[in-house]
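Chemist: A structural model of the following input is requested.
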Amino acid sequence: MNPTFISADTKNESTDRRFRFAQVRRIVGLAWPYRGTLALGLLFTVAFAGLHTLSLGAAFPVFKILLDEEGLPGWVDRSIAGERIGVTFAPPNAAGLTRVVHVSGGDDTAPPFEIDDAVGAPNNQPVQKALFDIARAPEGSDVALSVVSADGAARAVSVHVGESKFSQRLRLSAIGLLPSSMKTADEKQQVLIYILVCLVLAVLVANIFRYVGEVLIARCVLRSMMDVRAALYERSLHLPMSFFAGRQTSDLVTRFVQDIQEIQRGLMTLFGKFIREPIRAVFILVLAFTLDWRITLVMVVVAPLAVILFLMVGRSVKKANKKLLQAYGMMIGALTTSFQNLRVVKAYTAEDHERDRLRAVDWRMFRQQLKLARLQAFVSPMMETLAIMVGSFATVWLAGLVLNHELEISKFVALGVILSMLFDPLRKLTDVYVRVQRSTAGAERIFHVIDQPIEYDASSESVKIKPLENAIEFSDVSFTYEGADDPALQDISLTVSCGETIALVGPNGCGKTTLVSMLPRFFVPDSGTITYDGVDLQKADLPSLRKQIGLVSQESIVFAGTPSENISYGSPSTDGEQVREAARRASAEDFIQKIPGGYDASLGERGTTLSGGQRQRLAIARAIFRDAPILIFDEATSQIDSESELKIQEALKEFSKGRTTIIIAHRLSTIQFADRIVVMEGGRIIDAGKHAELFDRCSLYRTLCETQFVDKEATERRSD
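Modeler: Now for the predicted structure:
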């Protein structure tokens, strides 16, 4: 029972390895019902990114205080003064002069300066005083300055002060909170402490926002995954039996566990890093712009290379992860098969065989996991190497500006810090594309099931089925299982009258179980029709049809729960007396009462605490409790001892009176009371009639009676 590595259902799934935005949108759409929670979480995430960048911006004033004689207030005054008169000033030199390094404006608006002019204040006043006055001067006023040009010529100029912008007033208000003088070490230390306290508070609040945001996003994603599991389970329960024929149940179970886990991780990454890190990068970039626009060159170089890297790795990740998810299904199948059949494994001393089989599955998983590990291990180092290369280039370039007195040392150091922090969100974003690609692989497998058509349409056109009044008719019914070479049923024509008991007999594989599976519409004929009181089963309302049928299958199914819950399974009524009456009629009450806890005892998974015969009697009691007008017994007494079988046969004879009953059995005693016996071979009906007439005219039936039926009962009599 080796599960295939790529199961039948996954062979037909999409093999497109491209990044599919439509599928990503569908994954994101899973969170739409919880958009309020998600929006609030994203809002906190944005607030975190903003505060985090703000705390990062504290690096510049710290370096300004520690490295420059000018100090932070002097830098603010110089910057605002230059903005208001249309020039950019360098820091004052030892002579108390500031140099013009940039002049803005056209011919009509250009200020009376040239590059490299040394600007001072009139009457030998400190230039800082002049810059202080310009920064706070009324709009439209004129201020006198002294200028020494590059050739040494001195002149007096009058500059026109432009408008005072909001950002300038905001900076002046902020700097007004600091001491006006920062000349001494104590004054600088005092300001430094003030800034660092604000930094700590900003980081504290930022991380509180991050915590709240991540919790809200997690709540949204986890609720979404609950909805996906519910939708997947709902759809799986309503899929036709033909969907499950030839497919590994373990592969479907893997979709509930591992595939949904992949989607969950993808959404957590998408709503977390994918939102947070780009916002951080944008805020950091804006901060860098305020210091020096040339930082944009770094982004121009890095962004295209990062995108190419993402695309190269992402396709391989999705392909490898899809194979890994299929391997998980194979692993679950192998483990389930071994543990459910552990008695046989031990009896045939096949422990080594099972160990080797599981080892082979493990190796397949190992190869895919290692491939994913290699791909993920490749991305971060490559991004880090790229960042170091670009960062080194930018450092050399900016250092050259410092050496040429075109960039302040404090700004250079601050830009270095910001540059390194800028690569942090870019590095983390490398995991986003990989994770989302892995989630789309799981999403494809889940949506493949969810998108399958269900076995019935609850439309108003379907016909509600009532208790049988006339007959069930099979007319030229043929059916072939998917992937099978030979048909399971061929040209079957059979009429089952209301209240009639018929028995189906024939060699194994002749189509008996397939035929009765057509009645509750587990399978749909390839050709021919089945009518119920003249209603084509294809047009019948499926729930109402199945409520007319009580089924005891060849494999006696017991659910984890109590005997009472198993007997009343699927019924709205759990009347204790009805449950006990059904158990008595199925000869199940004796063993139920011997179980500690009786009808309320826990039977465990698959009823492993019960024998095969006890499980069958419990399944028969379930059919009796349902009290359906149509009964189907598929090998219902195959694992019951002769004494219990006699009791059940009497109960069935009594219970089947007035009901339409179809019995599949290999015991002569079970089928002799049938009104009609139908003999099948090779998917066809070859004869039908009473026991005596069939024994005389049908060689196959006579052979079955003389070998299969007689041998089974003789063996049981000898064992008794």
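Chemist: contact partners for Thr661?
Modeler: Neighbouring residues of Thr661 by CB atoms under 8 Å, 6 or more residues apart in numbering: 500-502, 630-633, 652, 674. Every residue, glycine included, has its C-beta placed from N, CA and C.
Chemist: what's near enough to touch the residue most central in space within the chain?
Modeler: Note on the chain: the residue nearest the mean C-alpha position is Ile263, at 2.0 Å, using CA atoms, centre = their mean. Residues in contact with Ile263 (CB under 8 Å, 6+ apart) are 27, 30, 225, 228, 439, 442-443, 446.
Chemist: list the buried residues in stretch 660-672.
Modeler: 660-671 (16 or more other CB atoms under 10 Å).
Chemist: so which strand or helix has the closest residue to Ile686 other than its chain neighbours?
Modeler: Once flanking residues are discounted, Ile686 sits nearest to Val679: 5.4 Å by CB to CB, 6 or more residues apart in numbering. Assigned by DSSP states H and E, Val679 belongs to strand 676-681.
Chemist: so how far is the helix or strand that that strand is followed by from its chain's centroid?
Modeler: Sequence-wise, the next helix or strand downstream of strand 676-681 (DSSP H and E) is strand 684-689. Distance, stretch centre to chain centre, for strand 684-689: 52 Å (CA atoms, centre = their mean, to the nearest Å).
Chemist: before we move on, back to that, which of the buried residues of stretch 660-672 sits closest to Asp352?
Modeler: Distances from Asp352 to the buried residues of stretch 660-672, taken as CB to CB, are shortest for His666 (35.5 Å).
Chemist: the helix or strand harbouring Val228: how far from the chain's middle?
Modeler: Using DSSP H and E, Val228 sits in helix 185-237. In terms of CA atoms, centre = their mean, the centre of helix 185-237 is set 22 Å apart from its chain centre.
Chemist: CA atoms only: put the next helix or strand after it into CSV for me.
Modeler: The helix or strand immediately downstream of helix 185-237 is helix 241-244, counting by DSSP H and E. What follows is helix 241-244, C-alpha atoms only, in CSV (Å, rounded to 0.1, in the frame of the first residue of the first chain):
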residue,chain,number,x,y,z
MET,A,241,-17.1,9.4,-4.1
SER,A,242,-15.5,9.3,-7.6
PHE,A,243,-13.2,12.1,-6.4
PHE,A,244,-11.7,9.9,-3.7
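Chemist: helix 241-244: which residues count as buried?
Modeler: Neighbour-count burial for helix 241-244 flags Phe243 (criterion: 16+ other CB under 10 Å).
Chemist: tell me the helix or strand right after that helix.
Modeler: Going down the chain from helix 241-244, the next helix or strand is helix 249-254, by DSSP H and E.
Chemist: same for that following helix, what does it pack against?
Modeler: helix 8-11, helix 296-340 (3 or more CB pairs under 8 Å, 6 or more residues apart in numbering; DSSP states H and E).
Chemist: lowest-confidence stretch among those helices?
Modeler: Of all the helices and strands packed on helix 249-254, the minimum mean pLDDT falls on helix 8-11 (a mean of 40).
Chemist: could you give the average pLDDT over the helix or strand following it?
Modeler: Moving toward the C-terminus from helix 8-11, the next helix or strand (DSSP H and E) is helix 21-29. On average, the pLDDT along helix 21-29 is 77.
Chemist: helix 21-29 packs against which elements?
Modeler: Using 3+ CB pairs under 8 Å, 6+ apart: helix 21-29 touches helix 260-271, helix 409-450.
Chemist: ranking these by mean pLDDT, which is last?
Modeler: Comparing mean pLDDT over the helices and strands packed on helix 21-29, the weakest stretch is helix 409-450, at a mean of 72.
Chemist: which element follows it toward the C-terminus?
Modeler: strand 471-479.
Chemist: quick one: buried residues of that next one?
Modeler: Counting neighbours by 16+ other CB under 10 Å, one finds that the buried residues in strand 471-479 are 471-474, 477-479.
Chemist: among the residues you listed, which one sits closest to Asn124?
Modeler: Distance to Asn124 across these (CB to CB) is lowest for Phe479, with 108.4 Å.
Chemist: in this structure that closest one contacts Phe522, no?
Modeler: No - applying CB atoms under 8 Å, one finds Phe479 not in contact with Phe522, separated by 10.8 Å.
Chemist: all set now, cheers.
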